[in-house]
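A.B. asks: Below is the sequence, then the predicted model.
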Amino acid sequence: QVQLVESGGGLVQAGGSLRLSCGVSGRTFSTYVMGWFRQAPGKEREFVAAIGWSIGSTTAANSVKGRFTISKDNAKNTVYLQMNSLKPEDTAVYYCAASERGWTSSASEYNYWGQGTQVTVSS
């Protein structure tokens with residue numbers, strides 16, 4: 001099993017920045033893909049960004065490219081999501097997830113999920 005714990009959410013004004021962290025524990029996960037998703041009230045869960053745990057390749061949704069950066073620190077078993085130039089439409093609960101099924105942006109392919117952290121961007 002893999003346990004994921006997010007932190008770093010909060011309230012920020014439009015144009016501001018936040019860094020989310022996802023602590024990863026449990027069995028080895030060298031082949032995992034780590035992803036960030038978000039879900040706003042009344043909307044489906046949406047892919048934000050992903051990173052390969054061993055090779056470090058990244059991808060991001062078009063809506064956040066150039067503003068959000070996903071990264072990892074293998075020594076600390078932590079995945080980060082640096083969010084800059086935040087907009088009110090970025091308001092959502094942000095989830096960290098791990099996939100054993102290869103490179104994917106589909107939420108249904110992620111096996112493990114954290115509890116989520118709230119990000120609220122005021123205008």
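C.D. replies: Yep, that arrived.
A.B. asks: Show me the residue at the heart of the protein, geometrically.
C.D. replies: Geometric centre of the chain, nearest residue: Trp36, 2.2 Å, by C-alpha atoms, centre = their mean.
A.B. asks: Report the contact partners of it.
C.D. replies: Residues in contact with Trp36, defined by C-beta atoms under 8 Å, 6 or more residues apart in numbering, are 20, 22, 48-50, 70, 79, 81, 94-97. Quick note: C-beta positions are derived from backbone N, CA and C, even for glycine.
A.B. asks: and if you look at Gln82?
C.D. replies: Taking C-beta under 8 Å, 6+ apart as the criterion, Gln82 is in contact with 17, 19, 68-71.
A.B. asks: Show me which of those are buried.
C.D. replies: Buried residues within the contacts of Gln82, counting neighbours by 16 or more other C-beta atoms under 10 Å: 68-70.
A.B. asks: okay, the residues you listed in a markdown table with secondary structure next?
C.D. replies: Formatted as a markdown table, the entries for those read as follows, by DSSP: H, G, I helix; E, B strand; the rest coil:
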| residue | secondary structure |
| --- | --- |
| Phe68 | strand |
| Thr69 | strand |
| Ile70 | strand |
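A.B. asks: from those residues, which is closest to Val121?
C.D. replies: For Val121, the nearest member of the buried ones among the contacts of Gln82 is Phe68. The distance, counting by C-beta to C-beta, is 12.5 Å.
A.B. asks: Strands of the chain, residue ranges please.
C.D. replies: For the chain, the strands defined by DSSP state E cover 2-7, 10-13, 18-26, 33-39, 46-52, 58-60, 68-73, 78-83, 92-99, 112-113, 117-122.
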